[in-house]
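Participant: Sequence and predicted structure, then a few things I'm wondering about:
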Amino acid sequence: MKSLPLFVLLSASLPSISQAAEKTRSPEDHEIVIGKELLITALEVVNAPEATYPGPWSFGHLMDEALGDKVSQKAVATWLEAWAKGLPESPTSTTGPPPREALEQRLIAPWRLRDGHVPGSGEWLPDFSHAPFRLLAIVNRMDLGEHALPTTPAATTGFPGSPGYNGGSGADSLAGREAGEARLVFAAVDPSGQPLPGGTTIILEYGLDAPSTARGRTRDWALAWHHLGTQPAFDDAYRADLVQVTRLFTDRRLGTRAPGEEPNSDVLKRLADAGAVLTPQLLRIRVNDGAFGEVREFREFHPASGKLVPARLPGTPEDSSFEKGSADNRSLAAWIAKQRVAPASQSENPRAAKTEIPPSFSFPGAGTTVARVLNNDPDFHWDGWGLRDGELRRAFSMQTCCGCHCGDTSTAFFHIAPASSESEATLSKFLRTDGSRWRPKDPANGRGFLSSEMEDRKKLLESVLDQTLGNRQLKQLREIRNGRFH
């Protein structure tokens with residue numbers, strides 16, 4: 001008989017989460033199911049009643065929970081207006097991010113019209129049942145957790161991290177997301193439910209808390225996600241289980257749930273009991289916007305005191321650093337190279353590090369508020385002019401919005417593309433889920449490399465479930481996440 005991984009055997013002891021447990025597959029044949037545990041795009045989920053307000057996966061419910069239901073409507077209206085007009089984030093600020101004028105015409109005005117609000121007739125409080133945001137995917141990003149951090153010296157500076165830009169720099173940024181993250185991805189749509197021309201996605205990113213004082217919680221998160229794969233179909237039972245998991249990181253009022261809504265497995269109860277004393281775990285909202293301006297851009301917003309305010313993209317420098325041969329491009333390359341060869345001295349002497357940082361931005365911990373894809377070029381990337389280490393160039397560029405969504409993953413802007421309710425979101429080749437590996441070319445030097453992103457994420461989840469993996473195996477997994485050619 002074929003030996004089974006430890007995480008498969010242990011999953012047999014995981015208590016039933018739904019009343020339909022007898023219909024699920026047996027744990028003995030349960031391997032990780034990417035489409036049910038890691039990247040969920042099934043129409044049975046994203047078109048379900050749970051994704052319609054006030055359902056737990058609807059944009060309005062998530063805003064109520066993250067900001068407070070007494071202020072969420074005003075907060076969203078203020079956020080959209082400030083985004084469209086480029087308003088300062090506070091009364092004491094003199095300037096704000098650049099305006100995005102088409103947002104008023106293409107999204108705000110149609111929403112107001114559906115609400116029956118007449119401009120100039122008083123304060124508009126958006127009706128969330130008319131929110132022009134359609135759910136595309138629910139994503140498990142435990143691969144961004146503490147267990148997945150690279151082990152190379154460059155990790156001490158916060159890059160390279162795991163592929164794709166994430167929320168911070170190094171281990172110090174993990175507070176509130178030690179077990180990684182989870183994301184709900186929405187598309188901006190017109191009143192008929194069709195994606196807006198050019199495409200815009202709104203990504204709500206949540207932390208999965210598992211502080212070092214409770215390391216078993218990381219494995220509890222893994223077990224909670226892993227149990228979803230035992231369900232044979234995307235039916236009511238599956239969605240009920242998925243709601244149990246998502247509410248653990250989206251909802252702030254865990255103690256006020258109605259009877260029957262409380263977690264009913266030991267794993268979920270442990271996570272709920274721990275989460276009951278935590279602040280809401282919405283970390284940020286990220287926007288990939290090609291619908292509200294001529295040039296595609298990326299922005300980030302953070303919840304703060306019941307508001308959504310512009311924030312810097314910590315891994316993305318100013319536009320000038322993307323210009324091949326520019327002073328800022330050369331300075332950034334020199335600074336990155338120095339971090340690679342002497343990370344300890346940089347951490348011990350921050351002032352010395354600052355002398356290497358280009359004047360238009362600083363790293364780690366700061367970036368631009370708006371990342372533009374110049375000329376809307378799908379091959380756009382950080383060139384790393386003068387940086388001889390191609391692996392390091394790609395690893396850093398992958399942390400930028402423009403590199404991750406363009407040249408460095410050979411992706412035409414969207415990893416999860418906007419779609420109407422008639423079809424599942426199209427995934428980029430980078431996120432292919434068929435188990436195959438892909439060989440794109442590095443946009444800077446033309447060198448081919450193998451990419452198997454979702455298989456890597458699967459292996460990292462396995463590394464949490466199966467605690468028999470040795471240090472060598474874990475190191476290999478982490479180095480893959482470090483952007484190495486392989």
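Facilitator: Cool, the structure landed.

Participant: isn't Gly199 right next to Ala419, touching?
Facilitator: No: between Gly199 and Ala419 no contact is recorded; they are 9.7 Å apart, counting by Cβ atoms under 8 Å. (Glycine included, C-beta is placed from N, CA and C.)

Participant: Quick check: neighbours shared by these two?
Facilitator: Overlap between the contact sets of Gly199 and Ala419, as judged by Cβ atoms under 8 Å, 6 or more residues apart in numbering, is given by Ala187.

Participant: Those two - which one has more neighbours?
Facilitator: Neighbours per residue, other Cβ atoms under 10 Å: of Gly199 and Ala419, the larger number sits with Ala419, 22 against 19.

Participant: Give me the spatial nearest neighbour of that one, chain neighbours excluded.
Facilitator: Ala425 (4.6 Å; Cβ to Cβ, 6 or more residues apart in numbering).

Participant: Who are the contact partners of that neighbour?
Facilitator: Taking Cβ under 8 Å, 6+ apart, we find Ala425 in contact with 41, 46, 136-137, 185, 187, 416-419.

Participant: where do the helices sit along the stretch 151-300 of the chain?
Facilitator: Secondary structure of the stretch 151-300 of the chain (DSSP state H, counting those that start in this stretch): helices located at 216-227, 236-250, 266-275.

Participant: buried stuff in the last one?
Facilitator: Put plainly, it is helix 266-275. Using 16 or more other Cβ atoms under 10 Å as the test for burial, helix 266-275 gives 267-268, 270-272, 274-275.

Participant: Out of the residues you listed, which is nearest to Leu103?
Facilitator: Proximity of those to Leu103 was ranked by Cβ to Cβ; the top entry is Gly275 with 33.9 Å.

Participant: And that closest one, what's its pLDDT?
Facilitator: The score at Gly275 is 63. That number is its pLDDT.

Participant: And for Gly483?
Facilitator: Reading off the model, Gly483 has pLDDT 48.

Participant: and if you look at Met1?
Facilitator: 38.

Participant: Then Gln19?
Facilitator: 39.

Participant: got it, and Glu453?
Facilitator: What the model reports as pLDDT for Glu453 is 89.

Participant: looking at it, it is touching Leu431, isn't it?
Facilitator: Yes: using Cβ under 8 Å, Glu453 and Leu431 qualify as a contacting pair, with a distance of 5.9 Å.

Participant: I'd like the buried residues of helix 266-275 as a markdown table, with distance to Arg219 appended.
Facilitator: What follows is the buried residues of helix 266-275, written out as a markdown table (distance: Cβ to Cβ, whole Å):
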| residue | distance to Arg219 |
| --- | --- |
| Val267 | 9 |
| Leu268 | 13 |
| Arg270 | 10 |
| Leu271 | 11 |
| Ala272 | 16 |
| Ala274 | 13 |
| Gly275 | 16 |
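
Participant: burial of Ser463, as a residue count?
Facilitator: Other residues within reach of Ser463, judged by other Cβ under 10 Å, total 21.

Participant: meant to ask about Ala337, not that
Facilitator: Neighbours of Ala337 under the rule other Cβ under 10 Å: 18.

Participant: That one contacts Trp385, doesn't it?
Facilitator: No: Ala337 is not in contact with Trp385 according to Cβ under 8 Å; the separation is 11.9 Å.

Participant: Would you mind giving the secondary structure of the residue nearest to Ala419?
Facilitator: Applying DSSP: H, G, I helix; E, B strand; the rest coil to Ala425 yields a three-state assignment of coil.

Participant: could you pull out the strands for the stretch 301-450 of the chain?
Facilitator: When secondary structure is read from DSSP state E, counting those that start in this stretch, the stretch 301-450 of the chain shows strands at 307-311, 370-372.

Participant: Out of those, which gets nearest to Ser320?
Facilitator: Counting by Cβ to Cβ, and looking across all of the strands of the stretch 301-450 of the chain, nearest comes strand 370-372 at 11.3 Å.

Participant: Mind giving me the packing neighbours of the closest one?
Facilitator: Using 3 or more Cβ pairs under 8 Å, 6 or more residues apart in numbering; DSSP states H and E as the contact criterion, the elements in contact with strand 370-372 are strand 297-304, helix 401-404.

Participant: Pull up the pairing partners for it, direction included.
Facilitator: Strand 370-372 has these partner strands in its sheet, going by DSSP bridges: strand 297-304 (antiparallel).

Participant: Now do Thr369, the pLDDT please.
Facilitator: The pLDDT attached to Thr369 in the predicted structure is 87.
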